[in-house]
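# Model the structure of this input:
(2 chains)
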Amino acid sequence: MGVATYIKDEKDAIKEVILQSGIKVKPVYTPDDLERIGFDYKKDLGDTGEFPFTRSIHPQGFRSRNWTTRQYTGFGTPEETNERFKLMISHGQTGLNVAFDLPTQMGYDSDDEMSEGEVGRVGMAIDSLRDFEIAFKDIQLNRIGSGLTINAVASIMLAMYQSVAEGFGYNKTEISATPQNDILKEIVGRGAWIYPVEPAVRLIGDTIEYAMKELPRCNPVSVCGYHIRESGCTPAQEISYAFMIAFAYIDNVVARGYKAEDFVGRFSFNLNIFGNLWETVAKFRSARKLWAKLLRERYGVQNKKALFLRGIFGGGGSGMTKQQPENNIMRGAYYALAAALSGAQTTALCSFDEAYTIPTERAALLSLRTFQILMDEIGLRDTVDPLAGSYFMETLTKEMEEKILEEMEKVEKMGGMVEAVASGYVQGEVGRQAYEFERKLQSGEITKVGVNEYTEGVDMEVELHEYNDESAQLQIERLKELKKERDNRAVSESLKALEQAAKEKKNVMPYLVTCCKSYATVGEMANVFRDVFGEYREPSIF
Amino acid sequence: MAKRKIRVLLAKPGLDGHDRGAKVIAHAMREAGMEIIYTGLHQTVASIVNQAVQEDVDVIGLSIMSGAHIPICKKLMGMVKEQGVDNKLVVVGGVIPNKDMPVLKEIGVRGIFPGGSYFNEIVEFIEGNVPGR
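Okay, the predicted model is just below:
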């Protein structure tokens, strides 16, 4: 995946280029192509910062605001993570992108049997508010925004974030958190699900409703085409599935009697960059346009800001290779270039060593420097949407738009994304694409440098981020202490109230905040939901 | 008499949810004529061993991306011994650094296939090493 299919003759001349989304690229584009697609500047592009926002959501693009860089960070204990946060901020990083370990993501405490061997491994371990107090110590939560990579228990973590900020003396109206909070993509592609689809989507509705009223600067959901693309789908499918997922969440909140207009402006997207440069840029340009148009058509959204497709456009891990890992530094630079040409508001890169390990300090810094070189040295902030008007780019943008709509139509026919996921259709489609790509890679139909071509020479051993068993033990000890020291009556009362709210299908967010502030653990809160909602079962697609 | 198809239990142990690799390999093994039983995500080692016994498989294939391959494999090899089914061929795929390969071999994992391994390499290894053939 990621690279186009090239059909060549015996002299190595390219006869045909087929992008992954199924679009054929011509050798030359002329004004005739613009005529063929009926290109109309006002209708198809609009001025920068104007509907349909194909060019940019801000009139001045990167001139008025540089992008936010948010490398994925977190490991071991909250202390270790706090140190790395501060290091990245001191080097010029402008937002946080918090990695949680798998037990936390799956709603298990560090001392749970299921957590064995995983505490602090792929992110930091969070058991209670006490851990958040350590992790975010001395971080200016009114200035630095935090992406929280958490989904099944995102509601708990958003409540935890509010609780830690209030404990530090910030007002909840000034903090900015972006929990990932996209359970449908977990079911399709990332696998960190707990609850059945229906209550899981309702929990997302709860966070959106709550944020609309109480946390005006938080983005309660970050819809992730990213992981579905990582799992194998095409760029066009990535956008279409992300939009269909977003509609499922919007519908849940609209059904509560709200207008999409009042909350959809806080939605953000997490989208993927790797592979063909042109297809990537066209994907983002057409996505911005379609999102604005569809919100108007489906939900009657008029407020300009609510129509913005905002988000993090990040370099994809599946473009990176284990072989010749230093090549990933170059790949990352080109993904960052694609992000800049696409007008990303926020960006991140997988570090060059991520095919082996969670990023080492050196690798994370190299990614950050990559962004800085682009923006501060080679001129990517100079002008907005520099590829606009190119015969090729405008034609491709239009063709991508058509492909995305085609894929949306298929899901629509099934009754929407909840149904398409419940039946296993999307998972099957994504799996099929992943296999096809791998087969083409292994047969040499697709070239991957250092993997199936140009394999001689420069292999290296990467330095590994070592898993520290002592940190895990420390975390478990701390949890034991907490359970002794806290007011256990307050904890059980708050959990009981949470259970009642979940049973009555009330918005659980205020109850979660009370639980967090009483130092109830993530596992205790998640188990309340397990008891009330049950657990998800995967449909068999084999 | 036609040979019985090689039966493979493909398992995702632990909390890691990245199953692209497992699903791609399942597809490739099936194309190669094997019978695949996929456990789905979030399996405990005990449940994997139980399924391996119940399904009477020849091969247990683990897909692990989180870095926890050593503790998981240790536990699994211990349990297959306890249950007296250590004749099954155990193979592992995923994010496996080179330096961990000898450790896994010592634990008793026979085939190790890090990301980027070729389908035919995996299939040939299994066909050549599956017990009782």
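
# Next, the contact list for A:F75, please.
A:T81, A:R84, A:A99, A:D101, A:G120, A:R121, A:V122, A:G123, A:M124, A:I358, A:H465 (Cβ atoms under 8 Å, 6 or more residues apart in numbering or on different chains). In this view, the C-beta of every residue, glycine as well, is placed from N, C-alpha and C.

# swap the cut-off to 10 Å and go again
A:81, A:84, A:99, A:101, A:120-125, A:357-359, A:465, A:467-468, A:471 (Cβ atoms under 10 Å, 6 or more residues apart in numbering or on different chains).

# do the same with A:E80
Counted by Cβ under 10 Å, 6+ apart, A:E80 has contacts A:G74, A:G120, A:M124, A:I134, A:A135, A:N468, A:S471.

# Give the helix, strand or coil label for it.
Taking DSSP: H, G, I helix; E, B strand; the rest coil as the rule, one finds A:E80 in the helix state.

# what bits of chain B have low per-residue confidence?
For chain B, applying pLDDT under 70 flags the ranges B:1-2, B:133.

# restrict the contacts of A:F75 to contacts with chain B.
A:D101, A:R121, A:V122, A:T357, A:I358, A:H465, A:Y467 (Cβ under 10 Å from any Cβ of the partner chain).

# any idea how far the first one lies from A:T73?
Distance check for A:D101 against A:T73: by Cβ to Cβ, to the nearest Å, it reads 13 Å.

# Quickly list what's touching both of the two.
Common neighbours of A:D101 and A:T73 (Cβ under 10 Å, 6+ apart) are A:G123, A:M124.

# does the longest helix along chain B come close to chain A?
The helix of greatest length in chain B, counted in residues with DSSP state H as the criterion, is given as helix B:69-82. Yes - using Cβ under 10 Å from any Cβ, we find that helix B:69-82 touches chain A at B:H69, B:I70, B:P71, B:I72, B:K74, B:K75.

# May I have the secondary structure class of B:L9?
On the basis of three-state DSSP, B:L9 is classed as strand.

# list the contacts for it?
Counting by Cβ under 10 Å, 6+ apart, B:L9 has contacts B:35-39, B:48-49, B:51-62, B:88.

# got the residue ranges for the helices in chain B?
Counting by DSSP H, the helices of chain B are B:20-31, B:45-54, B:69-82, B:101-107, B:119-129.

# Find the residue ranges of chain A scoring beneath the pLDDT cut-off.
A:1-2, A:459, A:464-465, A:541-542.

# ok, back up a step: A:D101 and A:T73: which has the busier surroundings?
Higher neighbour count among A:D101 and A:T73: A:D101, with 26 against 23, using other Cβ atoms under 10 Å in any protein chain shown.

# With only the CA atoms kept, save the helix or strand containing A:A246 in CSV.
Using DSSP states H and E, the element containing A:A246 is helix A:235-254. Extracted in CSV, the C-alpha atoms of helix A:235-254 (Å, rounded to 0.1, in the frame of the first residue of the first chain):
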residue,chain,number,x,y,z
PRO,A,235,-6.8,6.8,0.6
ALA,A,236,-10.2,7.3,-0.9
GLN,A,237,-11.7,4.7,1.5
GLU,A,238,-9.9,6.3,4.4
ILE,A,239,-11.7,9.5,3.9
SER,A,240,-15.1,7.9,3.1
TYR,A,241,-15.0,5.7,6.2
ALA,A,242,-13.9,8.5,8.4
PHE,A,243,-16.8,10.7,7.2
MET,A,244,-19.3,7.8,7.6
ILE,A,245,-18.0,7.3,11.2
ALA,A,246,-18.3,11.0,11.9
PHE,A,247,-21.9,10.9,10.7
ALA,A,248,-22.6,8.0,13.1
TYR,A,249,-21.4,10.1,16.0
ILE,A,250,-23.2,13.3,14.8
ASP,A,251,-26.5,11.3,14.5
ASN,A,252,-26.2,10.1,18.0
VAL,A,253,-26.0,13.6,19.4
VAL,A,254,-28.6,15.0,17.0
